[in-house]
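Undergrad: below are the sequence and a predicted model; questions follow.
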Amino acid sequence: MILSGNAKLAGVVGWPVNHSKSPRLHGFWLEQYKIDGTYVPLAIKPEDFESAIRGLQKSGFKGVNVTVPHKESALKIADKVSARAEKIGAANTLVFQEDGSIFADNTDGFGFYENLKQGAVDWQADAGPAVVLGAGGAARAVIVALAEAGVPEIRLTNRTRARAENLAAELDAPITVVDWEDRNAALEDCNLLTNTTTLGMHGQGLLEIDLFDLPKTALVNDIVYVPLMTNLLEKAHAHGCPIVDGIGMLLHQARPGFEAWFGTDPQVTDELRQFVLAD
Ligand code: ATR
């Protein structure tokens with residue numbers, strides 16, 4: 001990588017940030033599209049978040065991705081917020097505008113939905129109910145994206161029922177809250193099953209679910225991607241369902257930021273998937 005004096009600068013702000021795959025991902029695209037620019041990891045403590053962001057802005061950065069624990073703070077310091085970031089209540093992408101203002105977006109739901117579209121081209125969001133497992137931050141983005149895509153009913157189930165009820169009350173989405181104990185029966189007639197919990201992730205517990213009532217036409221997705229083939233996806237594949245793994249959500253969520261900072265809507269290819277997974 002050789003930069004000119006006009007190089008475009010962006011990065012990812014987190015605390016810690018060393019686990020982030022974003023520098024590798026954006027670095028791949030910068031090479032691929034031969035862009036005069038760079039994307040760097042920025043470890044910023046929570047108490048330094050605002051001053052660091054103002055400093056980056058003054059230093060000529062085009063913007064940054066924002067990860068844990070800064071996603072809510074990012075929304076607060078923005079002058080303008082996208083409708084989806086507003087609904088989700090958190091931002092993962094900041095764009096520093098020419099006029100000195102900050103635009104905040106949340107591209108997690110976009111990444112989730114684009115991943116489904118790319119991985120299952122025939123799947124139709126409006127063809128039937130979706131079952132969403134989990135009610136954390138990831139579930140918020142997923143639910144907002146599904147409602148926007150026209151899913152007629154979202155059966156939301158979470159170990160802590162109150163969190164699911166809070167989401168149902170806060171989000172403008174056709175949510176039916178289902179007890180965690182009743183998750184197997186909720187699969188009847190559904191068109192999508194997606195796991196937004198941490199269950200199935202390397203080092204966490206396994207997701208216990210019985211897919212007997214799940215139609216074989218239903219698409220099954222996991223947002224966990226370590227391992228890529230989670231126990232849920234293995235079970236779904238054995239059951240005969242189409243499956244979409246979770247790495248594509250990470251890759252697609254990065255596209256709007258890359259386009260805003262570097263001027264190209266980048267492609268998510270198999271080569272990129274392999275490169276990011278090889279880390
Ligand atoms: P994120 O913001 O990444 O979604 P989170 O807010 O910590 O992360 O949410 C994690 C999700 O995994 C929650 O839905 C959590 O359920 P609770 O709300 O009951 O905590 C779910 N989860 C984590 N461990 C679980 C377990 N052992 N059994 C069932 N659900 C679990």
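TA: Ah, there it is. All of these numbers come straight from a predicted model, not from anything done at the bench.

Undergrad: tell me where this structure has helices.
TA: 22-32, 49-58, 71-77, 83-88, 108-119, 137-148, 161-170, 231-239, 247-253, 255-262, 270-277 (DSSP state H).

Undergrad: do you know which of the ones you listed lies nearest the ligand?
TA: In terms of CB to the nearest ligand atom, the element of these nearest to the ligand is helix 137-148, at 2.9 Å. Quick note: C-beta positions are derived from backbone N, CA and C, even for glycine.

Undergrad: can the closest one be found next to the ligand?
TA: Yes - using CB under 6 Å from any ligand atom, helix 137-148 reaches the ligand at Gly137, Ala138, Ala139.

Undergrad: quick one: contacts for the second one?
TA: For Ala138, the contacting residues are Asp108, Thr196, Ile223, by CB atoms under 8 Å, 6 or more residues apart in numbering.

Undergrad: if we can go back for a sec, adding distance to Asn6 and mean pLDDT, write the helices of the chain out as a markdown table.
TA: Converted to a markdown table, these look like this (distance: least, CB to CB, whole Å; pLDDT from 0 to 100):
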| stretch | distance to Asn6 | mean pLDDT |
| --- | --- | --- |
| helix 22-32 | 14 | 98 |
| helix 49-58 | 17 | 98 |
| helix 71-77 | 27 | 97 |
| helix 83-88 | 30 | 96 |
| helix 108-119 | 29 | 98 |
| helix 137-148 | 34 | 97 |
| helix 161-170 | 44 | 98 |
| helix 231-239 | 44 | 98 |
| helix 247-253 | 27 | 98 |
| helix 255-262 | 12 | 98 |
| helix 270-277 | 26 | 97 |
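
Undergrad: quick one, which of the ones you listed gets closest to Gly203.
TA: helix 231-239 (13.4 Å; CB to CB).

Undergrad: near the ligand, which residues of the stretch 51-200 of the chain?
TA: 134-139, 158-160, 163, 196-199.

Undergrad: buried subset of those?
TA: Buried members of these, scored by 16 or more other CB atoms under 10 Å, are Gly134, Ala135, Gly137, Ala138, Ala139, Asn158, Arg163, Thr196, Thr197, Leu199.

Undergrad: in strands only, show me the residues of the stretch 51-200 of the chain next to the ligand.
TA: Asn158 (DSSP state E).

Undergrad: tell me which residue is most central in this structure.
TA: In the chain, the centroid-proximal residue (CA atoms, centre = their mean) is Asp108; its distance is 3.0 Å.

Undergrad: skip the chain neighbours and tell me the closest residue to that one.
TA: Ala141 (3.7 Å; CB to CB, 6 or more residues apart in numbering).

Undergrad: ok, now Val132?
TA: Val132 sits nearest to Leu156 (CB to CB, 6+ apart), 5.1 Å away.

Undergrad: where's the closest residue to Arg24 other than its chain neighbours relative to Pro227, distance?
TA: Distance criterion CB to CB, 6+ apart; nearest residue to Arg24, sequence neighbours excluded, is Asp279 at 5.5 Å. Using CB to CB, to the nearest Å, we find Asp279 at a distance of 14 Å from Pro227.

Undergrad: which residue does the stretch 101-250 of the chain bring closest to the ligand?
TA: Closest point on the stretch 101-250 of the chain to the ligand, by CB to the nearest ligand atom, is Gly136, at 2.3 Å.
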